[in-house]
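**Student:** With the sequence up front, the predicted model follows.
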Amino acid sequence: MQNKIFRIGLAFLLGLALFQSCIPDRMPPEPVENTRPKFVKFDTLGVSNLIVPVNQPIKMYFNEKMDLSTFPSNVEVESVSGKINGNFSYASESDTIVVFTPSTPYNKAEVYTVSVHGGVRDIHGNSMISPNDEDVPQEFWFFTEGDYSDGGFPYVFVRDKAQKQVLYRAGKLNRYIDSLYVESTVEDYQTAAIEFSPRGNYLWMVNLKTTDGTVTLINPQSFEPEMVLQVGLGPTNVAFSENKAYVTNKSAKSFTVIDLDSYAAETTYSFTGNFKPLDVAYSPLTDKLYFISSTKKELAVVNAQDFNDNYIIDTLLTDSKGIDIEVSEDGKYLFIPQKRTDKIAVFNAQTDSPEEQIVTGYPNVGDGVIKGGYYYSSFYKYSGSDTDGGILKINVSTQSIEDVFTFGEEIDKLGITNAGELLYAVTPGDSSLHIIETKTMMEISSTKINGSLKYVAVSKNNYSK
């Protein structure tokens with residue numbers, strides 16, 4: 001009997017096991033993760049994304065682990081020179097941080113834009129956005145190191161228009177540092193130019209007085225005056241050859257020649273015919289000086305060797321007198337904006353003849369600088385009660401406008417770094433010094449200087465302070 005019961009029980013258990021093995025598995029499967037990943041931020045580079053090393057990795061933060069294989073086709077790092085390729089990896093501190101490491105160095109002194117598109121996916125295959133949604137990439141920019149930051153930074157000096165004896169100094173790219181009151185027995189009558197000599201050892205401060213004028217030479221590093229040179233009555237501007245300085249004496253209708261080795265005034269040359277020189281440029285190609293008049297539509301040409309061969313050109317400035325004169329680095333072209341017009345006259349020093357009349361379409365062209373094959377000219381226009389300003393980027397060889405920077409303030413004077421990477425623009429309306437990157441004409445930073453701003457000059461050398 002017991003054996004029979006045992007056999008029945010065993011048969012039951014075997015039947016139960018067979019039955020359970022035939023029942024489908026009804027346990028729920030592991031859920032499929034379908035939440036879209038989120039971009040969190042970019043890592044800050046350099047100093048506020050400025051002065052970034054040319055091999056700097058870029059960190060991108062997400063809220064979960066991402067699929068690295070989806071990044072090469074959805075992340076772009078590029079400048080005006082093109083895209084930079086690189087490799088993607090997880091950061092050592094977290095696998096939710098993706099690191100882009102450039103395979104080749106970035107170019108120096110260029111603005112790079114980083115774009116992360118919505119097609120990047122997490123490790124579960126979820127993209128940041130639906131294929132049906134508009135792809136608005138996450139972006140930021142940075143500016144790489146260059147000659148402007150080699151061993152320090154240039155000093156930038158701004159002269160006050162109201163307090164004519166006051167100079168301001170900025171450095172470290174965009175930091176106001178200090179100011180200097182230049183002592184004088186006679187206060188300046190008007191604010192005149194400040195310029196750096198080609199050697200870069202002194203800032204030349206032209207002092208326009210009611211008596212004979214002077215030029216103060218200021219050590220840019222110590223920010224202290226070291227010499228005062230006597231010139232003529234009413235000096236306004238200064239230009240340089242390799243070994244000489246030439247100071248225009250507007251009221252005296254003359255210019256003073258100063259030796260850059262001895263810092264002695266060698267001679268003063270007087271114009272005839274009531275020509276009052278406002279500004280001057282020197283051409284190393286022709287070894288001649290070119291002066292614009294403060295009262296006439298004339299260009300005076302003077303041989304820089306002995307000052308005997310001189311003459312007037314009155315066919316160049318067609319609409320108005322010149323307000324600034326700049327010479328190309330090879331000495332071939334002179335650019336002269338005409339006061340209260342949209343026209344810039346171009347003179348070919350090599351052929352000694354007018355070259356071009358650039359009609360910019362932008363009113364009130366003004367102060368300019370030349371570097372790296374480009375002439376940069378400020379302009380401003382009145383719009384109702386507002387004044388808007390800007391900078392034209394003009395190709396020297398073609399005399400054509402290649403780019404325009406516009407700004408909500410009147411831009412007065414311009415300065416440029418020695419390698420031509422950065423423009424410094426003075427805007428009196430908001431008492432600021434703005435920094436524009438020259439390749440893209442993009443403003444990258446600014447600094448406030450509480451004063452009535454006018455002339456600006458950028459040092460040739462860099463300083464660590």
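**Tutor:** Arrived safely, thanks for sending.
**Student:** what about the protein, any weak spots by pLDDT?
**Tutor:** Residue ranges of the chain with pLDDT under 70: 1-32, 385, 465.
**Student:** how does it divide up, domain by domain?
**Tutor:** What automatic domain parsing lists as the domains of the chain is 39-143, 147-463.
**Student:** Next, the distance between the ends of the first one.
**Tutor:** Meaning domain 39-143. 23 Å (Cα to Cα, to the nearest Å).
**Student:** Run the chain-centre distance for it.
**Tutor:** Distance, stretch centre to chain centre, for domain 39-143: 25 Å (Cα atoms, centre = their mean, to the nearest Å).
**Student:** same thing with stretch 37-50?
**Tutor:** Taking Cα atoms, centre = their mean, one finds the center of stretch 37-50 at 22 Å from the center of the full chain.
**Student:** And that stretch, what's buried?
**Tutor:** Burial within stretch 37-50, assessed by neighbour count using 16 or more other Cβ atoms under 10 Å, is assigned to 37, 39, 42, 45, 49, 50. (C-beta placed from N, C-alpha, C; glycine too.)
**Student:** For those residues, give me JSON lines that also has secondary structure and distance to residue 140.
**Tutor:** Below are those laid out as JSON lines (DSSP: H, G, I helix; E, B strand; the rest coil; distance: Cβ to Cβ, whole Å):
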{"residue": "37", "secondary structure": "coil", "distance to residue 140": "18"}
{"residue": "39", "secondary structure": "strand", "distance to residue 140": "11"}
{"residue": "42", "secondary structure": "strand", "distance to residue 140": "5"}
{"residue": "45", "secondary structure": "coil", "distance to residue 140": "9"}
{"residue": "49", "secondary structure": "coil", "distance to residue 140": "7"}
{"residue": "50", "secondary structure": "strand", "distance to residue 140": "12"}
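**Student:** any chance of these in TSV, plus distance to residue 455?
**Tutor:** Output for these, formatted as TSV (distance: Cβ to Cβ, whole Å):
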residue	distance to residue 455
37	53
39	46
42	38
45	34
49	30
50	25
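**Student:** Pick the one among those closest to residue 132.
**Tutor:** residue 37 (17.4 Å; Cβ to Cβ).
**Student:** looking at it, the closest one is touching residue 121, isn't it?
**Tutor:** Yes - in this structure residue 37 lies within contact range of residue 121 using Cβ atoms under 8 Å: 7.4 Å.
**Student:** Single out the most deeply packed of the domains of the chain.
**Tutor:** Mean neighbour count (mean count of other Cβ atoms under 10 Å) peaks for domain 147-463 among these, with a mean of 19.
**Student:** distance between the ends of that domain?
**Tutor:** 12 Å.
**Student:** Name the residues contacting each of residue 37 and residue 121.
**Tutor:** Residues touching both residue 37 and residue 121 (Cβ atoms under 8 Å, 6 or more residues apart in numbering): 66, 127, 128.
**Student:** For the nearest residue to residue 337 once chain neighbours are set aside, name its beta-bridge partners.
**Tutor:** Once flanking residues are discounted, residue 337 sits nearest to residue 365: 3.9 Å by Cβ to Cβ, 6 or more residues apart in numbering. When bridges are called by DSSP bridges, residue 365 pairs up with residue 379.
**Student:** Understood, closing this out.
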